[in-house]
Every structure is written in structure tokens, then in C-alpha cells.
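Undergrad: The following comprises the amino acid sequence and a computationally predicted model.
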Amino acid sequence: MSRDAEETVEWTVVKLRPDGSEATRYRATGVAAPAGWVAARAVWTYGTVDIGYYTFEPGDVLYEYFSIERPYNLFATWRQGHGLVGWYCNVTHPTHVADGVITWHDLWVDVLVLADGSIVVVDLDELEESGIETSDPDLYQTILAARDELVALAERRAWPFSTAHHDGAANDRD
């Protein structure tokens, strides 16, 4: 698919909880991404979600990067009047893409990369409470390796952390 064609694709994004049930479904517009990735732009339409280190607010613009090869995704969050809030990264099963739908399966652990470059790993307690370490040790090790890979990518500012979309609706600092 050409870069221009990717940018006109309309996606339905479906997030699954760790147990496989559907958590949310929303619309997004495709943006260019290299091989092995699907990327989209969405606007946060839900209420304010404050998890302590990171907050999503109505109107935030999210550039979402879904790996179809690696067990994670990354959402760059931009806020009008503020600029880049940071990156919210989810450890997942590799993303499935078919028939206009991007489906990703969350796996407890998240890595937050704040605008100042600080990195916070959250929800390790949920991973431990899941019992997955005993019931599926291979998946447990995959989750920890994905966490470590996300942290390393963020520290190096590797793609897509190096991608800086400047959306006029979301970033008026420039």
C-alpha cells in the first residue's frame, strides 16, 4: 500500500482485555508507517482518564503505532495548548489487521514515556496477580521481554519514538 493510500484508510480499532473480552472500539484514520507496522490517528472522545503519571483528556490527538510483528503498541498523545503529553505503550499480543479492523490484545503491563523523557513502567502488580507466571511461563517471559524492549526503544528514541507529528489541532507550540 502506498503512503498516500495508507493515510486515507479509515480503521476500526478494537482493544481486547487480557481475558480476550472487548474493552473498546473506535474509529481512526491511517497514517504512514514502515513495514511491520500499522499507524493511525484518533481523537480521544472519552472522558478524562487520569492514571497518576499520565492523563488522557477529551480532544487529545493520538498517533497510534501498532506492531504486527512485535508484542506491543505505542500511542503518542498530543494536547492542544500543551504539545506532546508523552507516549503510552502497551505490551500486547502482536496486532491483527484484517478487513479494515486493527485488533490488539492488551497484556497488563504498560510503559509510559513522558514528554520530559522519563520512563515509568506500570501495572506490574496486575501481571503478578494474573498468575500468568505460573500458568503460562512463556507468555510471562514474552511480556517482560516486550517491556524491556519498549524501555530500550524509548531510551534510544528509536522509531516510532523519533516520530514527531505536529498536528495543528494538538500542538500549537511551534
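TA: Cool, got the structure.

Undergrad: The longest helix along the chain - contacts with which helices or strands?
TA: The longest helix of the chain (DSSP state H) is helix 137-156. Contacts defined by 3 or more CB pairs under 8 Å, 6 or more residues apart in numbering; DSSP states H and E place helix 137-156 against strand 72-79, strand 83-92, strand 101-114, strand 119-122, helix 132-135. To be clear about C-beta, it is placed using only N, CA and C from the backbone, and glycine gets the same treatment.

Undergrad: do that again at 7 Å, thanks
TA: strand 83-92, strand 101-114, strand 119-122, helix 132-135 (3 or more CB pairs under 7 Å, 6 or more residues apart in numbering; DSSP states H and E).

Undergrad: May I see the buried residues of the longest one?
TA: Spelled out, that is strand 101-114. Using 16 or more other CB atoms under 10 Å as the test for burial, strand 101-114 gives 102-113.

Undergrad: Just to check, residue 77 is in contact with residue 89?
TA: No - with contact defined as CB atoms under 7 Å, residue 77 does not count as touching residue 89 (11.1 Å).

Undergrad: Which of these two has more residues huddled nearby?
TA: residue 89 (28 against 22; other CB atoms under 10 Å).
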